[in-house]
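Asker: Need a 3D model of the following:
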Amino acid sequence: MTLHEQIKSEVKVAMMAKDAVRLSVVRNMISSFTNQLVATGKTPQDLLDDAGVLKVIKRLANQRKDSMEQFIAGGRPELAEGERAELAILEIYLPTLMSREEIKVVALAKKEALGVTDKAKAGQLTGAIMKDLAGKADGGDVKAVVDELFI
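Answerer: Numbering: from 1, shown residues only. All right, here's what the predicted structure looks like:
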């Protein structure tokens, strides 16, 4: 069973559990999958591959994070809590990301391999690490680790 099919089956589970938040998030994901399919020239009845599903879920998770920040900055913490609850459900479907310590090991190895010695080439190093760790590490964490290497 693909990830897309698994998430589609979650609608029934959420309805039976009377979990309104989970139901809303799952329906939103399915809607976003359909939008992605149509945007790529496929029919709404097709299924996204697992990589496409993860890409859409990451985008939805980032939207929730941005909304949380904006609600908190706007003095509306009660709305941020709703976004946090939705984010927690989205993160169930995302693979666990590497910690900064794990990223640092990869970054040090890549720094030696590329022969980067100064901060001027930090962008190249960050790009190379992101290419190697595609989907396994958060971009902000990678940037922070690279910046720490040149302090």
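
Asker: Quick one: mean pLDDT over the helix or strand encompassing Ser32.
Answerer: In the assignment (DSSP states H and E), Ser32 maps to helix 20-39. In this model, helix 20-39 has a mean pLDDT of 96.

Asker: ditto for stretch 127-136
Answerer: Mean predicted confidence for stretch 127-136 is 84.

Asker: For it, which outside residues touch it?
Answerer: Here stretch 127-136 makes contact (C-beta atoms under 8 Å, 6 or more residues apart in numbering) with 54, 95, 97-98, 103, 106-107, 110, 114, 137, 139, 142, 146. No exception for glycine: its C-beta is placed from N, CA and C like everyone else's.

Asker: From those residues, list the buried ones, please.
Answerer: 54, 98, 103, 106-107, 110, 137, 142, 146 (16 or more other C-beta atoms under 10 Å).

Asker: Among those, which lie within helices?
Answerer: In this view, the buried ones among the contacts of stretch 127-136 that belong to helices under DSSP state H are 54, 103, 106-107, 110, 142, 146.

Asker: In contact with the residue most central in space within the chain: list those residues for me.
Answerer: Centroid-nearest residue in the chain: Lys58, 2.8 Å away (criterion: C-alpha atoms, centre = their mean). With contact set as C-beta under 8 Å, 6+ apart, Lys58 has these partners: Leu94.
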